[in-house]
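Engineer: below are the sequence and a predicted model; questions follow.
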Amino acid sequence: MTPSERAVELVRGAYDLHVHIEPDVIPRRTHDLELAQRFRERGLAGFVLKSHYVPTAERAALARRVVPEVEVLGSLTLNHGVGGLNPVAVEIAAREGARVVWLPTVDAANEAREADALPPEKKPLWARLQAEFREAGLPLCPIAALDANGRVVPALRQVLGVVARHGLVLATGHLGRAEILKVVEAALEEGVRQVVVTHPDYPTQALSIPEQRWLAQQGAYLERCLVPSWSGKVPWERVFEAIRATGPEQNVLSTDLGQPKNPPVEDGLALFADKLLEAGFAEEEVRHMAVTNTVKLAKGGRA
């Protein structure tokens, strides 16, 4: 499937804030430089390199030098590969130019509970990789954001302080719904200015509409990723309902693309736009979620 010309034009100037591409320890559809060149051809502004395992700010800097017309941005995901909830890793990433800090994903306690319950043939690639690490004797304790009393753990408070000081975007990763609500509250207390709730409708997050509305009222952005609905894990109607309930002003579109079996990454935002237009969303609403809000997050608030 290819996106319509109308949708391609509508998302021109957007950033895709969530892509998984090579180099990576999991096979991906494309790599940094090839994607930057394709974004340039499409008139897209840039993208954020997300890795579950390593910092990407250095890769992003190199890609920007080769394709200066596209702003490739780095990030950090706080899994065991960087020491988990490690404020020093965040400090270094910020000084190297990273833009987004994701809280734990593949090593999140919430995700571990869900993945362990799946039969082997249903486990995602990252879960199989985790199993290989454990078989090799590597320590992979699930990372929780809250302590036994439901309070944000001290290490995460330190992380939030570093994120706030450097004006980075905090994304909630694969935390569970109870963790998300507490962590967003704590992030705002620590002075974090831009918070993104990662795919709130995904089965392992499953935030209710009233919870999403509350998060939007606090100023958090709700990230609607293409892949969960494209793959059938989140019904499209659920996404449309959640956007209408919370308003385009606090919603942001991304793709989460890069898997070899899924559409080309550069098509993702336009494919998402086509779905929203078919569902009755206005062009200005789609552009606000795809372009205006992604530019704000990529640029630190400057639209």
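Structural biologist: Noted; the coordinates are in hand. No experiment lies behind these values; they were computed from the predicted model shown.

Engineer: now the closest residue to Ala279 other than its chain neighbours: which helix or strand?
Structural biologist: Leaving aside its chain neighbours, Ala279 sits nearest to Phe240 (4.9 Å; criterion: CB to CB, 6 or more residues apart in numbering). Using the backbone N, CA and C atoms, a C-beta is placed for each residue, glycine as well. If you go by DSSP states H and E, Phe240 is part of helix 236-246.

Engineer: name the residues of that helix that are buried.
Structural biologist: 239-240, 242-243, 246 (16 or more other CB atoms under 10 Å).

Engineer: next up, the contacts around the residue nearest to Ala279.
Structural biologist: By CB atoms under 8 Å, 6 or more residues apart in numbering, the contact set of Phe240 is 276, 279, 281.

Engineer: from Ala282, how far off is it?
Structural biologist: Counting by CB to CB, to the nearest Å, the gap from Phe240 to Ala282 is 13 Å.

Engineer: swap in Leu140?
Structural biologist: Taken as CB to CB, the span from Leu140 to Ala282 is 46 Å.

Engineer: with neighbour numbers in mind, choose between the two.
Structural biologist: Using other CB atoms under 10 Å as the criterion, Leu140 and Ala282 rank with Leu140 on top: 14 against 11.

Engineer: let me know the pLDDT of that one.
Structural biologist: Reading off the confidence values, Leu140 has pLDDT 89.

Engineer: is it in contact with Phe133, as I believe?
Structural biologist: Yes. Here Leu140 lies in contact with Phe133, judged by CB atoms under 8 Å, at a distance of 5.7 Å.

Engineer: tell me where this structure has strands.
Structural biologist: For the chain, applying DSSP state E gives strands covering 15-19, 46-49, 71-73, 75-77, 100-102, 169-171, 194-197, 221-225, 251-254.

Engineer: ok, which of the ones you listed comes nearest Leu129?
Structural biologist: strand 75-77 (14.1 Å; CB to CB).

Engineer: out of the contacts of Phe240, grab the one that's most surrounded.
Structural biologist: Among the contacts of Phe240, the one with the most neighbours (other CB under 10 Å) is Leu276, at 24 neighbours.

Engineer: shouldn't that one be in contact with Val286?
Structural biologist: Yes. With contact defined as CB under 8 Å, Leu276 and Val286 form a contacting pair (5.0 Å).

Engineer: now do the shared contacts for the two.
Structural biologist: Shared contacts of Leu276 and Val286 (CB under 8 Å, 6+ apart): none.

Engineer: now stretch 28-44, how far from the centre of its chain.
Structural biologist: Mean C-alpha position of stretch 28-44 versus that of the full chain (CA atoms, centre = their mean, to the nearest Å) differs by 18 Å.

Engineer: the strands of the chain into TSV, with extra columns for mean neighbour count, mean pLDDT and distance to Ala57?
Structural biologist: Formatted as TSV, the strands of the chain follow (neighbours: other CB atoms under 10 Å; pLDDT from 0 to 100; distance: least, CB to CB, whole Å):
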stretch	mean neighbour count	mean pLDDT	distance to Ala57
strand 15-19	28	98	15
strand 46-49	28	98	9
strand 71-73	24	98	8
strand 75-77	26	98	7
strand 100-102	25	98	10
strand 169-171	26	98	13
strand 194-197	24	98	17
strand 221-225	24	98	20
strand 251-254	26	98	19
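
Engineer: I'd like those as CSV, with distance to Gly232 appended.
Structural biologist: Shown next, in CSV, are these (distance: least, CB to CB, whole Å):
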stretch, distance to Gly232
strand 15-19, 19
strand 46-49, 24
strand 71-73, 29
strand 75-77, 25
strand 100-102, 24
strand 169-171, 23
strand 194-197, 22
strand 221-225, 13
strand 251-254, 18
